[in-house]
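Visitor: model this:
(2 chains)
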Amino acid sequence: MSWKLVLTLALVAGPAHLVAQNGIGTTRLPGRVPAAALPAIDSIIAAAAAESLPTEPLVQKALEGGAKNIPADRLVNGVRRGLLQLRQARAIVSHAVPGQSPPEGHVAAVAAALARGLSGPIVERLLTVAPNEPPGPALHAAADLVAHRFDPDSAADLLVEAHNKGLRGVRLLDVAVAADHDLQRPGGRTPSEALAHIRAMLPNVPAPARRP
Amino acid sequence: MSPIDPRLQEALDGERDPGDLPADLREAYARLISAAQLLRATPPVSVAARVMAEIRQNPAPVQSGGPARRLIRWLGRPRAVTVRLRPVWTLALAAGLAAVLLMPWPNAGPTPGIAQGIANFVGHFPGARSVEVVGSFNDWSRGMLHLSDDDHNGIWHAEAVLPAGQHEYMFVVDGERWVSDPLAGRYVDDGFGAGQQNSVLIVRPMSAQP
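Guide: Sure, this is the predicted structure:
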């Protein structure tokens, strides 16, 4: 075998081998995060992969920290916090949807909702309502309502009722938007009044304005 | 090769009158003379060499007119160009042309797929020299999505096609200042312990956009 052929095979097979070996995304990190942080981050991401947790949120957190020039120790802590949230999310999903392995998308969406401040019980309640649907929109709608100072349990009640009346996916986000608009309407409504008004409107909440 | 008759040779050399030759030699003499005339009529060198020699002997007359007119004449004059292509470079050139032709035109506007949606980024940054969006949709890479302020009123804008779903992002102003999007409406602590908040964007799939 000539040296040219060997070199060609090495160039072609080398990267493919690396990708196959390292399918958890850490090949994107060298040069993007501080070298001092790399071993610890690699180890955290490998732990997530070993536990069948989604690794992409952790890779993204590491890339974000690198882009923001976060010092190595704080960057590692941020990624580790992400791992803890994924573990907590997986526990919530497993509890809410027993008897099946938690889909990665569910775990990542729940972790994002926890990061936005939703409590575990509220997340679990929303998961239970529609265990086989992508939970992202309902969780974001709940997080939006809570961020706008609606009572978390009342917000979850409204979203469950919206789901029961046929609203799915991003239409649940419209429920949160409508409640927020109602709250800000001149004349002043309390949060509970706004939620009651939207509940009476279901399932006919207005869609967002059409793009110009 | 058969030897030539000495009388014919003498006639050809001009030492004997061809009319004195016997009939068969006179006929041979006439054929040889015709052949010699034909050879004299044939160009002694190649056409290219003759043309070049002609050009050298008769240089082009000096053109009248100013530099602009001479430039126009020079530009309009036909020229022979020899192109020698190696197959590998020809293929590379073809691949490059194909890539350019297949590349989406920047002015064509974003065209999202089914699992994508259009995101609008707007920020008020008066006096800023540059504003860009960096987020999870571009692996937090700098220099990929710049906002523009074409009318210089401090309102920066960009439109992008992104995968449907949740994205976290921040604006980077003047290449160094990380700023949350004040119009995002959704925020999440970035988790690095300094209380900085990422903006949260939820992109609706095109099928669900109004």
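
Visitor: which residues sit against stretch A:85-96?
Guide: Residues from elsewhere that reach stretch A:85-96 (CB atoms under 8 Å, 6 or more residues apart in numbering or on different chains): A:48, A:51, A:53-54, A:57-58, A:102-103, A:106-108, A:110-111, A:114-115, A:120, A:123-124, A:127-128, A:131. All C-beta spots, glycine's among them, are computed from the backbone N, C-alpha and C.

Visitor: For it, buried residues please.
Guide: A:85-90, A:92-93, A:96 (16 or more other CB atoms under 10 Å in any protein chain shown).

Visitor: if we can go back for a sec, next step: the contacts of stretch A:85-96 restricted to helices.
Guide: Of the positions in the contacts of stretch A:85-96, A:48, A:57-58, A:106-108, A:110-111, A:114-115, A:120, A:123-124, A:127-128 sit in helices, assigned by DSSP state H.

Visitor: Which residues are in contact with B:Ser148?
Guide: So B:Ser148 contacts B:156-158 (CB under 8 Å, 6+ apart).

Visitor: quick one: pLDDT of it?
Guide: Listed pLDDT for B:Ser148 reads 97.

Visitor: Kindly report the same for the one 10 residues further on.
Guide: B:Ala158 is assigned a predicted lDDT (pLDDT) of 96.

Visitor: try A:Trp3
Guide: 45.

Visitor: what's the closest of the contacts of B:Ser148 to chain A?
Guide: B:His157 (12.7 Å; CB to the nearest CB).

Visitor: That closest one: neighbouring residues, count only.
Guide: 13 (other CB atoms under 10 Å in any protein chain shown).

Visitor: do A:Asp144 as well
Guide: Neighbours of A:Asp144 using other CB under 10 Å come to 23.

Visitor: Likewise for A:Pro135?
Guide: The number of residues packed near A:Pro135 is 27, by other CB under 10 Å.

Visitor: Might one say that it is in contact with A:Ala108?
Guide: No. At 9.9 Å, A:Pro135 does not count as touching A:Ala108 under the criterion of CB atoms under 8 Å.

Visitor: And the lengthiest helix in chain B, what does it pack against?
Guide: Taking DSSP H as the criterion, chain B has its longest helix at helix B:23-41. Contacts defined by 3 or more CB pairs under 8 Å, 6 or more residues apart in numbering or on different chains; DSSP states H and E place helix B:23-41 against helix B:6-12.

Visitor: returning to what we had before: what separates the longest helix of chain B from the chain centre, distance-wise?
Guide: Remark: helix B:23-41 is offset 60 Å from the chain centroid, using CA atoms, centre = their mean, to the nearest Å.

Visitor: still on that earlier bit, just the buried ones from the contacts of stretch A:85-96?
Guide: For these, buried by 16+ other CB under 10 Å: A:48, A:53-54, A:57-58, A:102-103, A:106-108, A:110-111, A:114-115, A:120, A:123-124, A:127.

Visitor: How about the residues of chain A by chain B?
Guide: Residues of chain A that fall close to chain B, judged by CB under 8 Å from any CB of the partner chain: A:28, A:60-61, A:63-68, A:70, A:74-75, A:77-78, A:81-82, A:109, A:112, A:115-116, A:136-137, A:140, A:143-144, A:147, A:169-171, A:173, A:207-211.

Visitor: Need the buried ones from these selected in ChimeraX.
Guide: Entered in ChimeraX, the line below selects the buried ones among the residues of chain A next to chain B, by 16+ other CB under 10 Å:
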select /A:28,60,61,63,64,65,66,67,68,70,74,75,77,78,81,82,109,112,115,116,136,137,140,143,144,147,169,170,171,173
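
Visitor: measure the spatially most central residue of chain B to B:Val81 for me?
Guide: Centroid-nearest residue in chain B, with CA atoms, centre = their mean: B:Leu97, separated by 7.9 Å. Noted for B:Leu97: a distance of 20 Å to B:Val81, by CB to CB, to the nearest Å.

Visitor: again, but for B:Gly195
Guide: Distance from B:Gly195 to B:Val81, by CB to CB: 67 Å.
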